[in-house]
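> build me a structure from this.
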Amino acid sequence: MKNYPGVMYDSFAGSADISKTYDFTIRSIALINAGSDAVTITVGSITATVSAGQTFNELVIPTKTFSIAATDSFVCYVRADG
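Sure, this is the predicted structure:
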């Protein structure tokens, strides 16, 4: 297991719905909406809408899973503690 707090552990891009599950605890997520349609991210019971051209870059309640609903381009960075 990696052992560096608050560093990027994963990055991915997409243009469709995706659910991610990790074997480490996520501490923060950055989601950049690179498309023209809104993208939503759900972490636990919290859902946030990211408008076109906007960025979600937040600390989150520690979790191992989250999901993104999208129909247009986005880029996501996942940060965690080791």
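> going by C-alpha atoms from here, please, whenever you check contacts or count neighbours.
Fine.
> center of this protein, which residue is that?
I29 (4.4 Å; Cα atoms, centre = their mean).
> so who does that residue touch?
For I29, the contacting residues are 56-60, 76-79, by Cα atoms under 8 Å, 6 or more residues apart in numbering.
> for it, give its distance to G44.
13 Å (Cα to Cα, to the nearest Å).
> return the backbone torsion pair for the residue nearest to the centre of the chain.
phi -140, psi 140 (degrees, to the nearest 10).
> how many other residues sit next to the closest residue to it other than its chain neighbours?
In space, and not counting its chain neighbours, I29 is closest to V78: 4.8 Å by Cα to Cα, 6 or more residues apart in numbering. Residues within reach of V78, counting by other Cα atoms under 10 Å, total 18.
> in which helix or strand does V78 reside?
Using DSSP states H and E, V78 sits within strand 74-80.
> what mean pLDDT does that strand get?
Mean per-residue pLDDT for strand 74-80: 95.
> and that strand, what other elements does it pack with?
strand 7-14, strand 18-33 (3 or more Cα pairs under 8 Å, 6 or more residues apart in numbering; DSSP states H and E).
> for T40, find the nearest of these.
strand 18-33 (9.4 Å; Cα to Cα).
> may I see the buried residues of the closest one?
By 16 or more other Cα atoms under 10 Å, the buried positions in strand 18-33 come out as 24-33.
> before we move on, what about stretch 41-55?
41, 43, 49-52, 55.
> pLDDT score for N3?
Taking N3 on its own, its pLDDT is 53.
> isn't T55 right next to V39, touching?
No. T55 lies out of contact with V39 (Cα atoms under 8 Å); the separation is 10.1 Å.
> identify the contacts common to those two.
N33.
> any idea whether N57 is helix, strand or coil?
Taken by DSSP: H, G, I helix; E, B strand; the rest coil, the conformation at N57 corresponds to strand.
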